[in-house]
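Novice: I would like to see how this sequence folds:
(one chain, ligands or ions: 2)
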Amino acid sequence: MYNVMSPKAEEFISHEEILESLAYAEKNKNNRELIDGILAKARERKGLSHREAAVLLDCELEDKNQEIYALAEQIKKDFYGNRIVMFAPLYLSNYCINGCEYCPYHLKNKHIARKKLTQEEIVKEVTALQDMGHKRLALEAGEDPVNNPIEYILESIKTIYGIKHKNGAIRRVNVNIAATTVENYRKLKEAGIGTYILFQETYNKESYEKLHPTGPKHDYAYHTEAMDRAMDGGIDDVGLGVLYGLNNYRYDFTGILMHAEHLEAYKGVGPHTISVPRLRRADDIDPDVFDNGITDETFEKIVACIRIAVPYTGMIVSTRESQSCREKVLHLGISQISGASRTSVGGYAEPEPEEENSAQFDVSDNRTLDEVVQWLMKMGYVPSFCTACYREGRTGDRFMSLLKSGQIVNCCHPNALMTLKEYLEDYAAEETREIGDKLIAKEMDVITNPKVKERVKEYLANIHNGERDFRF
Ligand code: SF4
Ligand code: SF4
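Specialist: Ligands and ions are numbered 1, 2, ... in the order given. All right, here's what the predicted structure looks like:
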């Protein structure tokens, strides 16, 4: 039985409720009156239920779809302005004991190079990432209690935070590791992680079990209830995601919104981020096995509908997506993107030799961070390397209440400009610096509070003179 407050996966992600919602959406996809009502509710910027959002996702009325896209764009602007937060993934180890059928790190893949970074290698990789200008990382590791125990992850986080090279520093480490115990989540919290990210892959239990035939990840309930345990362990920023292409996208779209509703109702804080990865080509993965691929148009619609349904959540798109696709979804709701990513274990300090391929998936966007930064600025976005919130203790419900009240813009915009200025001073190519300095001068007008504006001016001058790490 569906129960948003239940601690049980099969009750807060009820299969029957999803099927009924999908049938309701199918029946009402051209119901103009109902869709107008849903859009009116969405304009209040307080979100939509999974059922309402499913109707919008299915809607076939061209004029209403244009309204959906326009509203998504407006909500994105209201909550996130024109800022885009930058990050990079860092793969620590691709040892994994699970049997995920769509991932080349699955246990039975014998021809992929297995690697695990030593602490010395991590120093080299992170130094290379700092030298590009990155301040925010997402750590990735397969599930392997022998090769990648929690102690290894904790030690790696400590190493990363300890690396200070020139003006570089990693100021926020987000972690994407397998579902674990409350005790281990508590240890991650104590190690100072930002967001704990865990993709559900698919919310359909039957498909989930087939796609994960072996290993601890086979346990649907343990995996699906992981975010509740993470919050019990004190982590209040959690990141959700499904891998579009594995299962029916309408099902997983509805499922992820139900998960967001559950976290908000049961734990008091909705997801800090929602990622929208799509299945990509990879070693030892037969693309014909997965016939649920989605078109770019559907992908854009999913992004827009999530933005409307969960207005406060950060939305992430990775370099799995091409430049042109990323360009489209940035308008519709994406607030964070990765840049210059390597999806292999190592590869930032030195490119990985061809015969040692350890990559999880092919990257579509191969540009350097500087190229990505310049591209964003030319489109009028402000690339942000900000990590201020969690360092100021603005996490969980404190963060959400600020964000929902619209107040976060008074921190985000100045912080974005100041961290962009750091990037321009320390890492940017000359042309990027010129474009960036002009952009910063223009974007100063967005700050309306005269006191804040004065302080930002002062801080920007200090950054130019070599000082670092100012924040609101
Ligand atoms: Fe392992 Fe994660 Fe890949 Fe599954 S998706 S095989 S758990 S690394
Ligand atoms: Fe994110 Fe907070 Fe920085 Fe805004 S101020 S960009 S919400 S870390």
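
Novice: helix, strand or coil for the residue of the stretch 301-450 of the chain found nearest ligand 1?
Specialist: Residue of the stretch 301-450 of the chain nearest ligand 1, by C-beta to the nearest ligand atom: Gln360 (6.8 Å). Placement of C-beta: from N, CA and C, glycine included. On the three-state scheme (DSSP: H, G, I helix; E, B strand; the rest coil), Gln360 is labelled coil.

Novice: Local confidence estimate at it?
Specialist: pLDDT, Gln360: 84.

Novice: Pop out the phi and psi values for Val238.
Specialist: In this entry, Val238 is assigned phi and psi values of phi -120, psi 150 (degrees, to the nearest 10).

Novice: let me redo that: Tyr244
Specialist: Torsion angles at Tyr244 (phi, psi; degrees, to the nearest 10) stand at phi -70, psi 130.

Novice: repeat for the one 3 residues further on
Specialist: Comment: the main-chain dihedrals of Asn247 come out as phi -140, psi 180, following degrees, to the nearest 10.

Novice: how deep is Val85 tucked in, by neighbour count?
Specialist: Counted by other C-beta atoms under 10 Å, the residues lying close to Val85 total 24.

Novice: for the helix or strand it falls within, packing partners?
Specialist: Taking DSSP states H and E as the definition, one finds Val85 inside strand 83-93. With contacts taken as 3 or more C-beta pairs under 8 Å, 6 or more residues apart in numbering; DSSP states H and E, strand 83-93 sits against helix 119-132, strand 136-141, helix 150-162, strand 336-338, helix 369-378, strand 382-384, helix 409-426.

Novice: mind running it again at 6 Å?
Specialist: strand 136-141, strand 336-338, strand 382-384 (3 or more C-beta pairs under 6 Å, 6 or more residues apart in numbering; DSSP states H and E).

Novice: Below-threshold pLDDT in the stretch 351-472 of the chain: ranges please.
Specialist: Where the stretch 351-472 of the chain drops to pLDDT under 70, the residues are 406.

Novice: whoops, I mixed them up, the stretch 101-250 of the chain
Specialist: Across the stretch 101-250 of the chain, not a single residue meets the criterion (pLDDT under 70).

Novice: Ligand 1 contacts on that one?
Specialist: Proximity of the stretch 101-250 of the chain to ligand 1, by C-beta under 6 Å from any ligand atom, involves residues 103, 105-106, 142-143, 178, 217.

Novice: what two of these are the furthest from one another?
Specialist: Largest separation among those by C-beta to C-beta: His106 and Ala178, giving 13.1 Å.

Novice: Contact residues of the stretch 351-472 of the chain facing ligand 2?
Specialist: 384, 386-389, 408, 411-412, 415.

Novice: can you give me the helices for the stretch 151-300 of the chain?
Specialist: 182-190, 205-211, 220-224, 226-232, 249-262, 296-309 (DSSP state H, counting those that start in this stretch).

Novice: Can I get the residues of the stretch 101-250 of the chain next to ligand 1 in CSV including neighbour count and distance to Glu26?
Specialist: What follows is those, written out as CSV (neighbours: other C-beta atoms under 10 Å; distance: C-beta to C-beta, whole Å):
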residue, neighbour count, distance to Glu26
Cys103, 24, 32
Tyr105, 27, 37
His106, 22, 35
Gly142, 26, 38
Glu143, 21, 37
Ala178, 21, 35
Lys217, 23, 31
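
Novice: any idea which of the residues you listed is closest to Arg51?
Specialist: Taking these together and measuring to Arg51 by C-beta to C-beta, the closest member is Lys217, at 29.1 Å.
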